[in-house]
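1. task: produce atomic coordinates for the following.
(2 chains)
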Amino acid sequence: KAGVTQTPRYLIKTRGQQVTLSCSPISGHRSVSWYQQTPGQGLQFLFEYFSETQRNKGNFPGRFSGRQFSNSRSEMNVSTLELGDSALYLCASSLTGENYGYTFGSGTRLTVV
Amino acid sequence: EDQVTQSPEALRLQEGESSSLNCSYTVSGLRGLFWYRQDPGKGPEFLFTLYSAGEEKEKERLKATLTKKESFLHITAPKPEDSATYLCAVQGTTSGGGSEKLVFGKGMKLTVNP
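-> As a prediction, this is how the structure comes out:
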C-alpha cells in the first residue's frame, strides 16, 4: 500500500518568489492536512482539506494557501517567500480526519535564500 | 486554545534503562490523543491513538496511557533503534461536534546508548 507522497523533497527558492508543493494521499483517504515544522516552533497546523473543501485553517498569513483536487491530491502554495518560511512542510492524510490516525509524508524541505 | 506540553525536551538512556515521557494537555473536549515517532529527515510515524481516560495501548517496547490531563509513553528496556523524537498531539472537538486540527507538542528527543 503506497504511503503519502510529497514532491519535491527539497527546494531552494529566493526571497520574493512563490512555491507550490504537492501531496498525494493514501488511496481512499479524503482528508489532507498541511503542517510547517521548524526547530523553534515544532509542528504547526496550516490547513486541512476534506473532499475539496477547506475544513480547518491555522494562524498563518494569507500568503499560505492550498487546494484539494477531486482525486484528493492537494497542493500548497506560498507566495512572496520570506526567509522565515524556510522549514519542513509536511502533509498528512486520513480517512476522514476524525478519530483515525493521520499518516504523514516525508515532507518537502524548503530553503529560502 | 488547545495546548500540549511535552517533558523532558531531551532524554538520554542506556540500553535497557526503562523510562517514561510525559505529555500534558488542555483541550476543550478530547477527540483523541496521538503519539508519533519521528526520525531525522522523515515525517512523523503514527504510533497510537488514545480516546478516553484510563485507556492504554501497547506496541513492542512502548506503552501509552491516558488520564484527563496527561498521557505517558512508557519505554521498557529500550534499544538504540528506539532513538528518535517522540511527538504528542491532541485533537479536540468543535462546538458543532466536528473535529479540531491536531495540536502538537514540541517533541521529546530520545537517545538510547548501547
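
2. what's the pLDDT at the residue in chain A positioned nearest to chain B?
-> In chain A, the residue found nearest to chain B is A:F104; the distance is 3.5 Å by CB to the nearest CB. For the C-beta atoms, the positions are set from N, CA and C on the backbone; glycine is no exception. At A:F104, the model reports a pLDDT of 95.

3. same question for B:Y36.
-> We have a pLDDT of 96 for B:Y36.

4. what about it, which SS state?
-> strand (DSSP: H, G, I helix; E, B strand; the rest coil).

5. ok, back up a step: report the contact partners of the residue of chain A closest to chain B.
-> Contact partners of A:F104, counting by CB atoms under 8 Å, 6 or more residues apart in numbering or on different chains, are A:V4, A:L90, A:C91, A:A92, B:Y36, B:G43, B:P44, B:E45, B:F46.

6. measure the closest residue to it other than its chain neighbours to B:E56 for me?
-> Of all residues not flanking A:F104 in the chain, B:G43 sits nearest, at 3.5 Å (CB to CB, 6 or more residues apart in numbering or on different chains). Using CB to CB, to the nearest Å, B:G43 is found at 26 Å from B:E56.

7. those two: who's more crowded?
-> The neighbour comparison of B:G43 against B:E56 (other CB atoms under 10 Å in any protein chain shown) goes to B:G43, with 22 against 12.

8. show the backbone phi and psi for the more buried one.
-> Phi and psi for B:G43, reported as degrees, to the nearest 10, are phi -80, psi 160.

9. elements contacting the helix or strand bottoming out on mean pLDDT in chain B?
-> Within chain B, no helix or strand scores below strand B:99-104, which has a mean of 81 by mean pLDDT, DSSP states H and E. When contacts are defined as 3 or more CB pairs under 8 Å, 6 or more residues apart in numbering or on different chains; DSSP states H and E, strand B:99-104 sits against strand A:31-38, strand A:42-50, strand B:3-7, strand B:30-38, strand B:84-93.

10. so where's the chain uncertain?
-> Reading this off chain A. Residue ranges of chain A with pLDDT under 70: A:1, A:97-100.

11. you answered for a different chain; I wanted chain B.
-> Answering for chain B: the residues below the bar, that is pLDDT under 70, span B:94-99.

12. find the closest residue to chain A in it.
-> Relative to chain A, the nearest point of chain B is B:G43 (3.5 Å; CB to the nearest CB).

13. my guess is that residue meets A:Y102, correct?
-> No - distance between B:G43 and A:Y102: 10.1 Å, which falls outside the contact criterion (CB atoms under 8 Å).

14. what do those two both touch?
-> Contacts common to B:G43 and A:Y102, judged by CB under 8 Å, 6+ apart, are A:A92.

15. how far does stretch B:63-75 stretch from start to finish?
-> End-to-end distance of stretch B:63-75: 7 Å, with CA to CA, to the nearest Å as the criterion.
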